[in-house]
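*Asks:* below are the sequence and a predicted model for it; my questions follow.
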Amino acid sequence: MRIKFNVEGMSCAACSASVEKVSSRVEGVTKAEVNLLAKTLFVETEADTPELREKICAAVERAGFSATPMDEKKEEKPKDASPDEKQSSLRAMKIRLFVSIGFLVVLMYITMGHMIGLPVPHIFHGTENLLIFSFTQFLLTLPVLYLNRKFYIVGFKALANRSPNMDSLVAVGSSAAVIYGIVAIYMIGWGLGHGDLALAESYGSNLYFESAAMILTLVTVGKFLEERSKNKTGAAIERLTKLAPDTATVERNGSLIEVKTSDLMVGDVIVIRPGQSLPADGVIIDGSSSVDESALTGESIPVEKGVGDRVMTASINKNGSFRYRAEKVGGETALAKIIELVRDAGATKAPIAKLADRVSGVFVPIVMTIAALAFVFWLLMGKTFDFALSTGISVLVISCPCALGLATPVAVTVSVGRLAERGILVKSAEALEILHDTKTVALDKTGTVTEGQPTVTNVLPAGEEQNLLRAAASLEAASEHPLAEAIRTYTDSRGVKPEPVADFAAVSGRGIGGKINGKPCFAGNAAYLRELSIPLPPDIDARLDALSAEGKTPMLFAVDGSFIGIIAVADTIKPTSRHAVELLHSMGVGTMLLTGDNAKTARAIAKEAGIDDVTADVLPQDKERVVASLQSEGVVTFVGDGINDSPALTRADVGIAIGSGTDVAIDSADIVLMKNDLNDVPAAIDFSRKTIRNIRQNLFWAFFYNTLGIPIAAGVLSPLGITLSPMLGSAAMSLSSLFVVTNALRLYKTKFIDQK
């Protein structure tokens with residue numbers, strides 16, 4: 001079983017690693033996984049009990065964070081922080097930041113104003129005023145410490161539980177500066193009281209209150225900018241949550257009433273008027289209209305809907321009015337499942353993120369060790385206590401692992417959101433990463449490459465076309481064969497009305513027959529008509545072979561003992577299939593058609609679509625074995641309809657279910673395409689490649705930054721006169737996180753491969 005928790009207080013990869021570690025140690029927990037960006041914890045257990053939830057919350061709290069269980073079963077739809085809540089949180093952080101900056105400016109003015117010629121009050125000048133000077137700095141630092149006390153509460157709690165995080169680094173670094181400043185105040189007082197002015201001046205010129213205040217303020221600046229940027233990653237989800245209407249008009253007890261969408265029940269009859277958005281999934285029982293489903297499928301052209309057709313939440317009724325019966329409401333609707341998929345995709349970890357996780361788990365303790373060693377080393381080398389302390393603090397504050405923690409989840413969240421806007425739903429970050437390395441795409445034929453339903457492709461009359469169509473319409477009206485519907489649809493579109501058929505009979509595997517206006521009429525294959533001794537044209541076999549080679553099924557018709565023509569039926573390829581295959585080839589991805597259809601038809605479809613290879617005459621259970629054999633050559637992505645192809649979808653490295661999107665939670669697929677458009681397959685693979693490239697850039701710069709920054713902060717370049725103050729270290733740390741987030745947000749502007 002899976003339990004979901006909201007976790008507050010996490011700010012870096014070390015934080016998430018700490019939460020995962022303490023949660024996984026709880027008895028009964030088999031797996032724990034944290035989504036740093038969404039601030040959620042997913043725990044897998046053998047049994048979900050209130051006692052277990054309490055133990056997990058207590059363990060997380062001991063680590064310095066707070067956890068609240070989310071009852072997903074009771075949620076009507078996935079809940080995210082509303083824009084107002086996000087803005088309120090951002091506003092509180094902004095107030096904290098600006099007040100901190102206000103005190104910091106005054107503090108910096110007093111301590112450094114004279115260096116740039118600013119008029120600093122005389123009360124802060126001279127040895128006799130050193131106590132006033134130092135104590136004023138302390139008082140101006142106190143509000144900054146209080147406003148940013150969260151760093152100390154979380155940081156020291158984590159330290160006490162042997163799970164240090166980024167807050168621990170900031171807390172220890174700034175505390176060291178403040179404590180040293182307080183000791184300096186006492187030493188200044190001692191020096192002034194005992195006439196040792198040199199001692200007082202020595203401590204008075206090396207106070208670190210402004211460093212502590214600057215560290216806290218700059219880290220908060222970085223956090224504010226980072227939080228504001230991260231809020232943008234939820235834009236796709238926010239847009240989706242706004243699509244469903246707040247109220248609905250339903251028929252109850254013979255009258256129309258308006259109810260909240262959250263109060264809808266399965267079976268309610270909902271009335272929809274022009275321009276309204278649909279509040280639930282269901283089936284039309286009266287009326288017809290043109291419905292815009294672009295919000296869910298990405299398909300911009302409205303779809304005509306009538307009695308018996310299914311409609312989805314958040315679709316917009318364009319013109320007519322209709323009534324429909326609700327079949328799925330609240331959290332069961334297609335919209336709710338889409339939102340859940342988009343949100344939860346970020347909760348899973350891509351394999352590329354595990355490197356950062358492993359590093360972050362030991363990163364903070366190593367940094368604290370390096371800081372302590374640097375401090376001791378420079379003291380032993382004869383440097384002043386001030387220099388050694390400054391070096392140790394610089395190492396602590398420049399080494400924040402935030403950039404490492406944000407490198408993957410921000411990029412994944414943005415990517416999953418962008419793909420969802422197109423109607424491509426990614427269930428996990430792992431699938432998104434594996435997809436980029438696809439070597440072969442195996443494609444099911446029916447409903448994937450082809451339309452999924454037969455249509456008339458050729459009408460070849462031997463005489464008057466109208467006679468052929470009339471006989472076909474009449475005979476097929478009484479037939480239940482799958483191809484009969486294609487012929488009926490065609491003749492209906494031509495305005496041909498069927499005539500009554502007497503003595504109708506069907507011969508399995510051969511054809512059908514009956515009497516129309518007293519004349520015997522037959523339809524079937526060539527063998528059937530020959531058995532009836534109906535003469536056929538001498539070139540009939542060549543014509544039939546040519547049609548069969550094109551993947552078409554020809555049907556011969558005869559009336560009153562005379563051959564009157566051929567109607568060919570085929571499951572035609574979708575208009576976009578050939579272009580999709582061309583895009584895959586341009587990306588260096590091989591293609592295979594994997595179908596249970598006969599080899600002749602399969603080869604014809606593959607040739608028309610430009611597909612490289614064909615494996616035909618395979619049963620659904622055999623497709624899985626074919627996919628397994630392809631995996632020896634590289635990563636295989638299988639694309640099917642998600643039902644009879646489930647073994648192959650599960651076996652493939654990445655399974656993509658292509659369908660109408662009325663049921664987006666196909667268990668066997670890793671990715672669900674809301675549109676019947678094969679172009680979404682190369683679009684998803686290409687965007688996966690761009691996402692992985694972005695993540696690698698982020699990880700490179702995050703590792704490179706720390707590899708370069710820590711030695712400089714530790715003072716290895718000090719013999720050359722190059723040092724890094726705690727203030728510059730904290731500024732650099734904030735900029736590194738901001739750089740990673742900003743780079744990931746570039747994916748918002750990235751175009752899909754089929755876009756100009």
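*Replies:* Thanks, I have it. Remember, predicted model here, so these are calculated numbers, not experimental data.
*Asks:* which helix or strand in the chain has the lowest average pLDDT?
*Replies:* One helix or strand of the chain scores below all others by mean pLDDT, DSSP states H and E: helix 235-241, with a mean of 60.
*Asks:* following element in sequence after it, please.
*Replies:* For helix 235-241, the following helix or strand on the C-terminal side (DSSP states H and E) is strand 247-252.
*Asks:* how far away is the residue nearest in space to the middle of the chain from Ala568?
*Replies:* In the chain, the centroid-proximal residue (C-alpha atoms, centre = their mean) is Val416; its distance is 2.5 Å. Distance from Val416 to Ala568, counting by C-beta to C-beta, to the nearest Å: 44 Å. (Each C-beta comes from the backbone N, C-alpha and C, glycine too.)
*Asks:* and if you look at Ile316?
*Replies:* Distance of Ile316 to Ala568, computed by C-beta to C-beta: 39 Å.
*Asks:* returning to that earlier point: got the buried residues for the helix or strand the residue nearest to the centre of the chain falls within?
*Replies:* Element membership for Val416 (DSSP H and E) is helix 409-422. Going by neighbour count (16 or more other C-beta atoms under 10 Å), the buried part of helix 409-422 is 409-420, 422.
*Asks:* so how far is it off the chain centroid?
*Replies:* 4 Å (C-alpha atoms, centre = their mean, to the nearest Å).
*Asks:* and the helix or strand following that helix, what does it pack against?
*Replies:* Proceeding N to C from helix 409-422, the next assigned helix or strand is strand 424-426, under DSSP H and E. If you count contacts as 3 or more C-beta pairs under 8 Å, 6 or more residues apart in numbering; DSSP states H and E, strand 424-426 packs onto helix 334-345, helix 409-422, strand 671-673, helix 680-714.
*Asks:* so what strands line up beside strand 424-426?
*Replies:* strand 671-673 (antiparallel) (DSSP bridges).
*Asks:* quick check: mean pLDDT across the partner strand?
*Replies:* Strand 671-673 shows an average pLDDT of 86 in the prediction.
*Asks:* stretch 5-18 now?
*Replies:* Mean pLDDT, stretch 5-18: 76.
*Asks:* please name every helix or strand in contact with the longest strand anywhere in the chain.
*Replies:* Identified as the longest strand of the chain according to DSSP state E is strand 562-570. Here strand 562-570 touches strand 455-461, helix 465-477, helix 482-493, helix 540-549, strand 553-559, going by 3+ C-beta pairs under 8 Å, 6+ apart.
*Asks:* any buried residues in that strand, and which?
*Replies:* Residues Phe563, Ile564, Gly565, Ile566, Ile567, Ala568, Val569, Ala570 are the ones in strand 562-570 that count as buried (16+ other C-beta under 10 Å).
*Asks:* hang on, the residue nearest to the centre of the chain packs against Leu435?
*Replies:* No. In this structure Val416 lies outside contact range of Leu435 using C-beta atoms under 8 Å: 11.8 Å.
*Asks:* how close does Gly306 get to Ile272?
*Replies:* Distance of Gly306 to Ile272, given as C-beta to C-beta: 13 Å.
*Asks:* so the two - more neighbours on which side?
*Replies:* Higher neighbour count among Gly306 and Ile272: Ile272, with 24 against 12, using other C-beta atoms under 10 Å.
*Asks:* please report phi then psi for that one.
*Replies:* phi -120, psi 130 (degrees, to the nearest 10).
*Asks:* what is the neighbour count of the residue nearest to it when sequence neighbours are not counted?
*Replies:* Spatially, and ignoring its direct neighbours in sequence, Ile272 is nearest to Asn317 (4.9 Å; C-beta to C-beta, 6 or more residues apart in numbering). Counted with other C-beta under 10 Å, the neighbours of Asn317 add up to 22.
*Asks:* in stretch 255-263, what's buried?
*Replies:* Buried residues in stretch 255-263, counted by 16+ other C-beta under 10 Å: Val259, Thr261.
*Asks:* for that stretch, list the C-alpha coordinates in CSV.
*Replies:* Extracted C-alpha coordinates of stretch 255-263, given in CSV (Å, rounded to 0.1, in the frame of the first residue of the first chain):
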residue,chain,number,x,y,z
SER,A,255,-36.8,19.7,-11.9
LEU,A,256,-33.5,21.4,-12.8
ILE,A,257,-31.3,22.5,-9.9
GLU,A,258,-27.8,23.9,-9.7
VAL,A,259,-25.4,22.0,-7.5
LYS,A,260,-21.7,22.2,-6.7
THR,A,261,-19.5,20.0,-8.9
SER,A,262,-18.2,18.4,-5.7
ASP,A,263,-21.8,17.3,-4.9
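*Asks:* and it, how far from the chain's centre?
*Replies:* Between the centre of stretch 255-263 and the centre of its chain there are 33 Å (C-alpha atoms, centre = their mean).
*Asks:* same question for it, mean pLDDT?
*Replies:* Rounded mean pLDDT across stretch 255-263 is 90.
*Asks:* kindly report the same for stretch 25-40.
*Replies:* Stretch 25-40 shows a mean pLDDT of 82.
*Asks:* buried residues, that stretch. List them.
*Replies:* Along stretch 25-40, these residues count as buried under the neighbour rule (16+ other C-beta under 10 Å): Val26, Val29, Ala32, Glu33, Val34, Asn35, Leu36, Leu37, Ala38, Lys39, Thr40.
*Asks:* ok, so what distance separates the fourth one from Asp492?
*Replies:* According to C-beta to C-beta, Glu33 stands 55 Å off from Asp492.
*Asks:* likewise for the last one?
*Replies:* Thr40 sits 53 Å away from Asp492 when distances are taken as C-beta to C-beta.
*Asks:* one step back: Met214 is nearest to which of the helices and strands packed on strand 424-426?
*Replies:* With C-beta to C-beta, the closest approach to Met214 among the helices and strands packed on strand 424-426 belongs to helix 680-714: 14.9 Å.
*Asks:* avg pLDDT for stretch 600-615?
*Replies:* If you average the pLDDT over stretch 600-615, you get 90.
*Asks:* where does pLDDT dip in the stretch 151-300 of the chain?
*Replies:* For the stretch 151-300 of the chain, the stretches with pLDDT under 70 are 163, 165-166, 222, 225-240, 294-300.
*Asks:* what's the answer for the stretch 351-500 of the chain, then?
*Replies:* Filtered on pLDDT under 70, the stretch 351-500 of the chain yields the residue ranges 351-361, 397, 399-406, 482.
*Asks:* hang on, Val259 in a strand?
*Replies:* Yes. According to DSSP: H, G, I helix; E, B strand; the rest coil, Val259 belongs to a strand.
*Asks:* I figured it hits Ala248, correct?
*Replies:* Yes. Assessed by C-beta under 8 Å, Val259 is found in contact with Ala248 at 6.0 Å.
*Asks:* so who does Val29 touch?
*Replies:* Counting by C-beta atoms under 8 Å, 6 or more residues apart in numbering, Val29 touches Ser23, Val43, Glu44, Thr45, Leu52, Ile56.
*Asks:* of the residues you listed, which belong to helices?
*Replies:* Counted as lying in helices by DSSP state H, out of the contacts of Val29, are Ser23, Leu52, Ile56.
*Asks:* could you export these as a markdown table, including neighbour count?
*Replies:* Below are those laid out as a markdown table (neighbours: other C-beta atoms under 10 Å):
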| residue | neighbour count |
| --- | --- |
| Ser23 | 26 |
| Leu52 | 20 |
| Ile56 | 25 |
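*Asks:* and those, which is closest to Arg510?
*Replies:* Taking C-beta to C-beta as the measure, Arg510 lies nearest Leu52 of those, at 65.5 Å.
*Asks:* so which residues of the stretch 1-150 of the chain form strands?
*Replies:* Applying DSSP state E, counting those that start in this stretch to the stretch 1-150 of the chain gives strands spanning 2-8, 29-35, 40-45, 66-70.
*Asks:* could you dump those to JSON lines with distance to Gln137?
*Replies:* As requested, the strands of the stretch 1-150 of the chain are exported to JSON lines (distance: least, C-beta to C-beta, whole Å):
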{"stretch": "strand 2-8", "distance to Gln137": "33"}
{"stretch": "strand 29-35", "distance to Gln137": "39"}
{"stretch": "strand 40-45", "distance to Gln137": "41"}
{"stretch": "strand 66-70", "distance to Gln137": "34"}
